[in-house]
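Peer 1: Need coordinates for the following:
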Amino acid sequence: MKIKICLVLFFCFAGHLITAQAKLPIVKASSKKVDIRDGGILTKGGWNISPELNPDVYQSSSLGQKVTFITDKDSISVKIKKDMQFDFIVLLNDSIKAHTQIKYKVPYLEKLKKAEKYNYADTREVPNFKYQAMDNPNLVRIRKELKLDSIAGGGNETSKILNLLHWLHNIVRHDGASNNPTLKNAIDLIKICKAENRGINCRMMSTVLNECYLSMGIKSRYITCMPKETEFDDCHVINMVYSTDAKKWIWIDATFDAYVMNEKGELLGPAEVRERLINKKTLILNPDANWNKQNSQTKEDYLERYMAKNLYRIQTPLVSEYDTETWKSGKEVTYVELLPLDGIEQTPQKEEKTNAKTGVKFTYYKTNNPNLFWGLPK
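Peer 2: Below is the predicted model:
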């Protein structure tokens, strides 16, 4: 008798679950790639439908704003509230159910505040950063073939830096879900975008702009801005460009056609933007910042939400030069990462790896000293 009662209770409970599941909103899709609009930020292909996860959880800090999942067939939106949990089903190819959940999470800006401290006394080995000279034949070719002198114009250095930023943003669209081409230099990346009517991701856009700046004799590095976690679905790559007029690095982002200023209208660098975010100081985003001419950017969405997540730790190539990202057997590339004191994976401080597939040797350095990482070019 007890066995029968237990079985009846089990089937009743299972039936209740099936009924509850059936009541969840259903969004149809035929592709596993989903675009996500989180607040004012649209990330193309920013989510992969994963039926094997139950539920597959997307977290957002956009309190009071909407998060929208956009499949190739449908969409669904929900307004983010504290301690909320919104469940729905993505029905893939009319047959596969993926239980998906949107939850509120503590804003990244709050997490970034805990990462304020560095160790300025960290003297562990980090080689000096180097910048390829503008007379390098490859850089000379970039300058001539892309007609960069005409694009940069005859104004002061700052106007040239901004003109090149706007030009690249206007001729190449951003596509965060795109596969990287084999050849990853300015000329070949622009050429393939035109030939295939395609976009490239933020790393490739920063690579193009970096080589253009170097070809004009302007010192530049591209920097990978990452969250605290070592496993993540999204990071962002921008350029740090040295202004000889201001004698400082400035923040340049080709993906969003963005630069950042203080209350005096002075251009700021990545280190300054990070410090001002943490300490709630004035930050002004250029009013024409946008994504692919489709979505205007605001300080709140771009800096306080998106970049607050991605300014936890920062990585950059040791040598800023032509064709850094094209992998060829026998090539050696070195990266340096700046970590706050509470950042994870502080060791090993130096690590060497060789990619078995490409034959490229990678060397990684870590430092807690921002003075070494943000050192001015010599």
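Peer 1: Can you give me every residue that contacts residue 112?
Peer 2: Contacts for residue 112 (C-beta atoms under 8 Å, 6 or more residues apart in numbering) come out as 274, 277, 278, 308, 309, 311, 312. C-beta coordinates here come from the backbone N, C-alpha and C atoms, glycine included.
Peer 1: can you list those residues in JSON lines and add pLDDT and distance to residue 350?
Peer 2: Shown next, in JSON lines, are those (pLDDT from 0 to 100; distance: C-beta to C-beta, whole Å):
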{"residue": "274", "pLDDT": "98", "distance to residue 350": "25"}
{"residue": "277", "pLDDT": "97", "distance to residue 350": "30"}
{"residue": "278", "pLDDT": "97", "distance to residue 350": "28"}
{"residue": "308", "pLDDT": "95", "distance to residue 350": "29"}
{"residue": "309", "pLDDT": "93", "distance to residue 350": "27"}
{"residue": "311", "pLDDT": "97", "distance to residue 350": "24"}
{"residue": "312", "pLDDT": "95", "distance to residue 350": "21"}
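Peer 1: of the residues you listed, buried ones?
Peer 2: Among the contacts of residue 112, those classed as buried by 16 or more other C-beta atoms under 10 Å are 274, 277, 278, 308, 309, 311, 312.
Peer 1: so who does residue 188 touch?
Peer 2: Going by C-beta under 8 Å, 6+ apart, residue 188 touches residue 181.
Peer 1: go with 10 Å
Peer 2: By C-beta atoms under 10 Å, 6 or more residues apart in numbering, the contact set of residue 188 is 181, 182, 208, 323, 326.
Peer 1: That one in helix, strand or coil?
Peer 2: Under DSSP: H, G, I helix; E, B strand; the rest coil, residue 188 falls in the helix class.
Peer 1: taking the contacts of residue 112 one by one, which sit in helices?
Peer 2: 274, 277, 278, 308, 309 (DSSP state H).
Peer 1: Could you find the closest non-adjacent residue to the second one?
Peer 2: This points to residue 277. In this structure, residue 277 finds its nearest non-sequential neighbour in residue 308, 5.7 Å apart by C-beta to C-beta, 6 or more residues apart in numbering.
Peer 1: what's the most distant pair in the contacts of residue 188?
Peer 2: Farthest apart among the contacts of residue 188 by C-beta to C-beta are 182 and 208. That separation is 15.2 Å.
Peer 1: which one of these two has more residues nearby?
Peer 2: residue 208 (27 against 10; other C-beta atoms under 10 Å).
Peer 1: ok, the more buried one - contacts?
Peer 2: In this structure, residue 208 makes contact with 142, 146, 164, 168, 171-172, 184-190, 193, 200, 222, 239, 254, judged by C-beta under 10 Å, 6+ apart.
Peer 1: can you tell me which of these are in helices?
Peer 2: Using DSSP H, the contacts of residue 208 in helices are 142, 164, 168, 171, 186, 187, 188, 189, 190, 193.
Peer 1: Quick one: buried ones out of these?
Peer 2: The neighbour-count test (16+ other C-beta under 10 Å) marks 142, 164, 168, 186, 187, 189, 190, 193 as buried among the ones in helices among the contacts of residue 208.
Peer 1: isn't the last one right up against residue 173?
Peer 2: Yes - under the contact definition of C-beta atoms under 10 Å, residue 193 touches residue 173, with a separation of 7.6 Å.
Peer 1: Need phi/psi at the residue nearest in space to the middle of the chain.
Peer 2: The centroid of the chain falls nearest to residue 236 when counting by C-alpha atoms, centre = their mean (1.4 Å). According to degrees, to the nearest 10, the main-chain angles of residue 236 amount to phi -150, psi 140.
Peer 1: so it bridges to which residues?
Peer 2: residue 225 (DSSP bridges).
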